[in-house]
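Visitor: got a predicted structure here, sequence first:
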Amino acid sequence: MGKRISILIIYTGGTIGMVNDPVTGTLVPINFRHISDQVPELRRFGFTLDTVTFDPVIDSSDVTPETWKAMANTIRDNYSIYDGFVVLHGTDTMAYSASALSFMLRGLEKPVIFTGAQLPIGVLRTDGKENLITAIEIAAAQENGLPVVPEVCIYFENRLLRSNRTVKSSSEHFNAFSSPNLPPLAEAGLQIRYNRDIIRYPTVRRPLEVADTFDTGMAVLRLFPGIGRATVHSVLAAPGLRGLILETFGTGNAPTLPWFLEELSAFIAGGGIVLNVTQCQAGSVDMGLYETSAGLLRAGVISGGDITTEAAVTKMMILLGSGLPVDRVSSMLTRSLCGEMS
Ligand code: ASP
């Protein structure tokens, strides 16, 4: 008989782990050490399921790069012991955290599956049980002794999505996440069907390393018709700002106003990086297609292609924190490091 599969469940906080306190009636976190009391179905897997609970558990709106470090270090410290990891996380910023971990965990060869819920696990109609059960099944899936999905992913409702391609697209529906520019890595119906052509498998084997230096000297600026110079200027003049993610229109278009291009050119000439991402939910930046983006190109703005803002934010923070020169950071921002761009 083969070795029993072992999975580490890391509960960071969020709705999924909540139950109604019988005395006060308020939502309180459950004791994850006794997770199978809440979800008895877990016993039927026959896996070793261990749990770690963050102290304190946090609403995901309070997540910071320090939280990402704690998540990544928990995985690193337990990497040799477990076959896979399930991270339970609030849905609100899950796409940021899961994206961050995809860039932090270098040399990852085991599944790291994020999931959460729209309704607490203690509520009758919860989506949390199914999400948890299937996330564990995916984290444990192996073929010829190797994991089927050795990536950081988000499992939600019935789809497994690449973490750094995912956005939270509904605050209401059980189907809360989407991956507009990449098909799901798996779909769970009667069976879990894996899309093996899209799943990334390691080509070089190397020990797991955690990149955990972040520089948060960056901003996201979403353009809108009528945006004024004072607003653009004050963002670019923020002390310590080294990188700007510019959310532009359509295929990467922006106003052709001379002051706007002057502000961007001055920031870039001073060593700043401006990364162009689209406000559209799907599709890619294609600078130079219209005159309204040719000016950006001339000013030195670089293209984020079809990256999500969530992935762009975490990728930029990590690259700015890497100590690499600006031209290396810029060149790495324009290409895919771990499947985040087409
Ligand atoms: N506000 C919660 C959070 O993101 C919502 C959730 O858990 O889904 O932590």
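Guide: Arrived safely, thanks for sending. All figures in this text were calculated on a predicted structure; none of them were measured in a lab.
Visitor: hang on, residue 201 packs against residue 148?
Guide: No. With contact defined as C-beta atoms under 8 Å, residue 201 and residue 148 do not form a contacting pair (9.6 Å). Every C-beta, even on glycine, is put in place using the N, C-alpha and C of the backbone.
Visitor: who has more neighbours out of these two?
Guide: Under the criterion of other C-beta atoms under 10 Å, the comparison of residue 201 against residue 148 puts residue 148 first, with 20 against 12.
Visitor: residues touching whichever residue of the stretch 1-150 of the chain sits closest to the ligand, list them.
Guide: Taking C-beta to the nearest ligand atom, the ligand has its nearest neighbour within the stretch 1-150 of the chain at residue 90, 1.9 Å off. Taking C-beta atoms under 8 Å, 6 or more residues apart in numbering as the criterion, residue 90 is in contact with 12-16, 58-61, 63, 116.
Visitor: can you select the buried ones from those residues in PyMOL?
Guide: Per 16 or more other C-beta atoms under 10 Å, the buried members of these correspond to this PyMOL selection:
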select buried, resi 12+13+14+15+16+58+60+63+116
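Visitor: ok, the contacts of residue 90 vs residue 322, which is closest?
Guide: residue 63 (21.0 Å; C-beta to C-beta).
Visitor: surely that closest one is in contact with residue 96?
Guide: Yes. Taking C-beta under 8 Å as the definition, residue 63 is a contact partner of residue 96 at 7.1 Å.
Visitor: which residues of the stretch 51-200 of the chain lie near the ligand?
Guide: Residues of the stretch 51-200 of the chain that fall close to the ligand, judged by C-beta under 6 Å from any ligand atom: 59-60, 90-92, 116.
Visitor: quick check, nearest of the contacts of residue 90 to residue 110?
Guide: For the contacts of residue 90, the nearest to residue 110 is residue 12 (18.4 Å; C-beta to C-beta).
Visitor: residues in contact with stretch 247-257: which ones?
Guide: Counting by C-beta under 8 Å, 6+ apart, 220-223, 225, 227, 246, 260, 276-280, 283-287, 289-293, 295-296, 303, 309 sit against stretch 247-257.
Visitor: and the ligand, which of those residues reach it?
Guide: Answer for the contacts of stretch 247-257 near the ligand: none qualify (C-beta under 6 Å from any ligand atom).
Visitor: how is residue 134 assigned, secondary-structure-wise?
Guide: helix (DSSP: H, G, I helix; E, B strand; the rest coil).
Visitor: excluding chain neighbours, what is closest to it?
Guide: Leaving aside its sequence neighbours, residue 134 sits nearest to residue 188 (C-beta to C-beta, 6 or more residues apart in numbering; 5.2 Å).
Visitor: my read: that neighbour touches residue 161, true?
Guide: No. At 11.9 Å, residue 188 does not count as touching residue 161 under the criterion of C-beta under 8 Å.
Visitor: those two: who's more crowded?
Guide: Neighbour comparison, residue 188 and residue 161: the larger count goes to residue 161, with 23 against 20 (by other C-beta under 10 Å).
Visitor: ok, the contacts of residue 90 vs residue 77, which is closest?
Guide: Nearest to residue 77 among the contacts of residue 90 is residue 12, at 15.3 Å by C-beta to C-beta.
Visitor: what about the chain, any weak spots by pLDDT?
Guide: Applying pLDDT under 70 to the chain flags residues 1-2, 34.
Visitor: now the spatially most central residue of the chain, what's its secondary structure?
Guide: The centroid of the chain falls nearest to residue 99 when counting by C-alpha atoms, centre = their mean (2.4 Å). Of the three states, residue 99 takes helix under three-state DSSP.
Visitor: ok, now residue 316?
Guide: Here residue 316 is helix, with the state taken from three-state DSSP.
Visitor: how close does it get to the ligand?
Guide: Taking C-beta to the nearest ligand atom, to the nearest Å as the measure, residue 316 falls 22 Å from the ligand.
Visitor: quick one: which of the residues of the stretch 51-200 of the chain next to the ligand sit in strands?
Guide: Per DSSP state E, strands hold no members of these.
Visitor: what's the closest of these to residue 8?
Guide: Using C-beta to C-beta, these come closest to residue 8 at residue 116, 16.7 Å.
Visitor: and the closest one, how close does it get to residue 49?
Guide: 18 Å (C-beta to C-beta, to the nearest Å).
Visitor: same deal with residue 286?
Guide: Distance of residue 286 to residue 49, given as C-beta to C-beta: 46 Å.
Visitor: and the two? Which one has more around it.
Guide: The neighbour comparison of residue 286 against residue 49 (other C-beta under 10 Å) goes to residue 49, with 21 against 17.
Visitor: C-alpha coordinates for the helix or strand that contains that one, CSV please?
Guide: Here residue 49, judged by DSSP states H and E, is contained in strand 48-53. The C-alpha atoms that make up strand 48-53 are tabulated as CSV, following Å, rounded to 0.1, in the frame of the first residue of the first chain:
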residue,chain,number,x,y,z
THR,A,48,-4.1,12.7,7.0
LEU,A,49,-5.6,16.2,7.4
ASP,A,50,-3.8,18.6,9.7
THR,A,51,-4.7,22.2,10.3
VAL,A,52,-3.0,25.4,11.2
THR,A,53,-5.0,28.4,12.3
